[in-house]
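> Structure for this input, please:
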Amino acid sequence: HRLGLPSVCMIEGINDFLRVDFQDYRHLPYRRCDYVFLAGSDDKKYFADRQTYVVGLPIIESLATKAPTFPQKPFAVLNVNFTYGVLEEARKQFIATAQSAFTAAGYDWVITKHPMDKGNLKGYPVSNLTQHELIDKCSVFVSRFATGILEALASGKPVIYFNPHNEKAEKFKSPLGAYEIATTEEELIRALKNVSNDIEAGVDFRARALPFLEWHTGYRPDGSSVTHRFAEAVAEILERDCEQQSAVADLFFQRLQEQEPFHCESPGTIIGDFDRRHKAQLPEEELIGRYFGDSGGIMIDVGAANGNSLDVYFGKGWTIHAFEPDSKNRQRLLDTWPSCSRLIVNEEAVCDKAGLKVPFYRSNESAGISGLSAFTAGHRQVGEVRTITLHDYYRKAGLRHVDFLKVDVEGFDKFVLDGFPWESDRPEVILVEFEDAKTTPLGYSAHELADTLIRRDYVVYVSEWLPVVCYGITHDWRRLVRYSTALELGKSWGNMIGFFDDPGADKLRSLARQTIKFSAQPGRDIVYFTRYKRRALPVQLYHRVLYRLAPYVLRKHPRLAMMYRKMRDRGLLPR
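Numbering: from 1, shown residues only. Coordinates of the predicted model:
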């Protein structure tokens with residue numbers, strides 16, 4: 001609250017919100033939060049003064065899939081749940097009355113005792129089984145005010161709400177036909193006999209309880225899941241409170257500016273200029289996700305790897321067409337989202353020509369630099385892959401429009417764009433990687449890549465990262481700047497973001513401030529450039545080792561020597 005951030009609480013069961021059955025004063029629950037996630041619509045009346053979302057109860061969904069079975073001899077479970085100082089004086093009479101009724105109705109019975117019930121139940125048949133196990137075995141579940149009533153109904157078992165002690169909470173006083181209510185021994189006996197008759201008649205207790213379950217838990221057999229409703233609510237809250245998030249981000253960036261100035265005076269700069277001591281990262285896919293908000297719905301991810309760019313868009317309910325020719329990365333992607341109908345995974349390599357069989361390379365340095373060219377000494381050919389163009393894929397998949405095209409194919413990004421069906425579609429946002437060290441041998445530069453987008457009426461922004469120290473580690477981000485032909489991009493790398501509708505510098509700056517992340521230790525001047533027996537070693541240690549053992553290293557370990565020379569040539573190590 002002090003930071004201006006939205007706060008949310010989730011009700012995970014049922015509640016006496018007004019504390020009407022408490023004798024002593026108790027704080028009224030869930031009053032401190034801006035948003036409340038409710039179990040059911042019935043609870044809305046207690047929170048009319050704030051925003052609420054009915055998300056439901058996960059346990060109800062899982063229990064509702066069970067096929068109920070009933071024992072041959074009538075068997076009742078009595079839920080003893082007099083906890084937290086509520087109506088504890090009524091416990092003894094509650095059990096005695098129920099016991100007498102079970103005997104009169106011809107029922108065997110046991111007690112399921114709440115872990116926080118402090119009553120002495122010595123001499124009573126208290127079961128060691130869990131409440132859910134007992135619900136599965138019983139003929140009827142008898143209880144006072146408790147979430148167990150909802151769980152028994154979802155499990156397809158009959159319920160009797162037993163209230164001989166006049167508890168005042170309203171939740172179970174209007175059963176909507178789902179169960180019977182008993183307040184005396186005679187009413188309980190009558191209800192138990194009615195339950196036996198209903199079981200013999202083959203009554204579908206779950207179907208009978210559906211109106212009650214929907215009203216109190218949001219459950220509908222054909223409705224959206226608790227997970228989906230929860231995610232939608234969170235996404236809506238985040239979108240609504242972007243202004244608050246921007247204000248909070250401004251507080252932190254103001255403080256950072258006071259500590260270590262990083263703003264660059266270069267024309268067109270949106271935010272930057274960071275260096276390695278800041279340990280900054282800007283996940284461009286997350287920034288673009290914030291840009292879309294609730295709009296958009298289809299993404300093409302060319303070079304999906306193991307799916308690091310997808311989670312933001314899955315959370316928004318998008319459909320994603322992913323291309324990943326590396327079989328190992330593709331399997332990780334499928335393992336992460338198994339049986340997801342909104343993920344279409346393709347094994348072809350996207351290019352500007354279709355139907356070719358081309359070599360495919362993989363490197364042990366990083367799973368993220370597999371591709372159609374070997375641009376490091378660690379690359380090895382692991383097979384061949386077939387190519388496809390996005391022009392052909394649009395026709396094959398029946399696509400008419402894509403909202404977001406993300407391309408990360410280790411140097412072949414321009415060829416992916418060259419094969420796009422520009423005559424029929426223009427994605428709202430396009431994200432492509434640039435690095436002249438990879439693309440110059442393939443015949444184009446970063447400026448030519450930007451020109452490919454500009455000629456299609458896109459406004460291009462450059463998200464520039466500091467030079468790569470080593471693949472397979474976390475890289476450091478430098479700045480976000482509007483593209484111009486005057487930018488020196490020959491020795492840098494990063495991503496170009498093409499917007500069909502220019503969001504403008506102010507909006508991009510606000511989105512970037514909310515998205516930028518920093519290392520937990522931003523001041524440490526340590527560079528990791530290789531791993532030895534799974535331990536990352538700081539560059540200071542390598543200084544000492546390599547100076548003493550340089551001749552041996554150069555002769556015996558050419559890969560390490562190559563990496564050392566690369567770092568030295570980039571000014572990251574002294575000569």
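> hey, let's count contacts and neighbours off CA atoms from now on
Will do.
> For the chain, which residues score under the pLDDT cut-off?
Scanning the chain for pLDDT under 70 picks out the ranges 1-4, 242-245, 260-265, 520-575.
> quick one: furthest residue from the center of it?
In the chain, the greatest distance from the average C-alpha position (Cα atoms, centre = their mean) is reached by Ala104, at 53.4 Å.
> State the three-state secondary structure for Glu433.
For Glu433, the secondary structure call by DSSP: H, G, I helix; E, B strand; the rest coil comes out as strand.
> So what sits opposite it in the bridge?
Asn495 (DSSP bridges).
> Same check on His379?
In this structure, His379 bridges to Ser363 when assessed by DSSP bridges.
> And it, how far from Lys491?
22 Å (Cα to Cα, to the nearest Å).
> which one of the two has more residues nearby?
Set side by side, His379 and Lys491 show more neighbours around His379, with 19 against 11, by other Cα atoms under 10 Å.
> May I ask you to confirm that the more buried one is in contact with Tyr361?
Yes: if you go by Cα atoms under 8 Å, His379 and Tyr361 touch, sitting 5.9 Å apart.
> check which helix or strand covers Leu287.
Under the criterion of DSSP states H and E, Leu287 resides in helix 284-292.
> secondary structure element for the nearest residue to the residue farthest from the centre of the chain once chain neighbours are set aside?
Excluding its sequence neighbours, the residue lying closest to Ala104 (Cα to Cα, 6 or more residues apart in numbering) is Ile189, at 6.9 Å. Per DSSP H and E, Ile189 falls inside helix 185-200.
> you'd agree the residue farthest from the centre of the chain is in a strand?
No: Ala104 is assigned helix when assessed by three-state DSSP, not a strand.
> Is it in contact with Glu187, as I believe?
No: look at Ala104 against Glu187 with Cα under 8 Å: they stay out of range, at 11.8 Å.
> Count the neighbours of the closest residue to Pro175 other than its chain neighbours for me.
Using Cα to Cα, 6+ apart and skipping the chain neighbours, the partner closest in space to Pro175 is Phe212 (6.6 Å). Residues near Phe212, counting by other Cα under 10 Å, number 23.
> Now the one helix or strand Phe314 maps to: buried residues?
Phe314 belongs to helix 311-315 when assigned by DSSP H and E. Neighbour-count burial for helix 311-315, with 16 or more other Cα atoms under 10 Å as criterion, is recorded at Val312, Tyr313, Phe314.
> element containing the residue nearest to Pro175, please.
With DSSP H and E as the criterion, Phe212 is inside helix 205-217.
> now for that helix, which elements pack on it?
Helix 205-217 sits against helix 148-154, with contacts defined as 3 or more Cα pairs under 8 Å, 6 or more residues apart in numbering; DSSP states H and E.
> ok, Asp250 touching Arg513?
Yes: look at Asp250 against Arg513 with Cα under 8 Å: they come within range, at 7.4 Å.
> which stretches of the stretch 451-575 of the chain form helices?
505-515, 539-556, 558-569 (DSSP state H, counting those that start in this stretch).
> Could you check how far the residue nearest to Ala104 is from Pro175?
Plainly put, Ile189 is 18 Å away from Pro175 if you go by Cα to Cα.
> More neighbours: which of the two?
The neighbour count for Ile189 versus Pro175, taken as other Cα under 10 Å, is higher for Ile189 (20 against 16).
> re the thing from before, Gly106 is in contact with the residue nearest to Ala104, correct?
No: between Ile189 and Gly106 there is no contact under Cα under 8 Å: 9.5 Å.
> related to what we said a few turns ago, of Asp250 and Arg513, which one has the most company?
Higher neighbour count among Asp250 and Arg513: Arg513, with 21 against 15, using other Cα under 10 Å.
> dump the residue contacts of that one.
Arg513 is in contact with Ser246, Ala249, Asp250, Phe253, counting by Cα atoms under 8 Å, 6 or more residues apart in numbering.
> And the third one, how far from Gln257?
Okay, so that is Asp250. Going from Asp250 to Gln257 by Cα to Cα gives 10 Å.
> what do you get for the first one?
With the distance defined as Cα to Cα, Ser246 ends up 16 Å from Gln257.
> The two: who's more crowded?
More neighbours surround Ser246 than the other of Ser246 and Gln257, with 18 against 11 (other Cα under 10 Å).
> The helix or strand where that one lies to helix 505-515, inter-axis angle?
Taking DSSP H and E as the criterion, the element that holds Ser246 is helix 242-259. If you take axes from the mean of the first three to the mean of the last three Cα atoms, to 10 degrees, helix 242-259 sits at 80 degrees to helix 505-515.
> returning to what we had before: the helix holding Ile189 packs against which elements?
Counting contacts by 3+ Cα pairs under 8 Å, 6+ apart, helix 185-200 is packed against helix 91-105, strand 159-162, strand 180-182.
> Quickly run through the sheet partners of the last one, with directions.
If you go by DSSP bridges, strand 180-182 pairs up with strand 159-162 (parallel).
> Please report how far Ala101 lies from Phe75.
Between Ala101 and Phe75 the computed distance is 13 Å (Cα to Cα).
> now swap in Pro283 and tell me
Between Pro283 and Phe75 the distance is 59 Å, computed by Cα to Cα.
> quick one: which of the two has more around it?
Taking other Cα under 10 Å, Pro283 and Phe75 do not tie; Phe75 has more neighbours (20 against 15).
> Can you spell out which residues form a bridge with the more buried one?
Counting by DSSP bridges, Phe75 forms beta bridges with Asp108.
> Nothing else from me, thank you.
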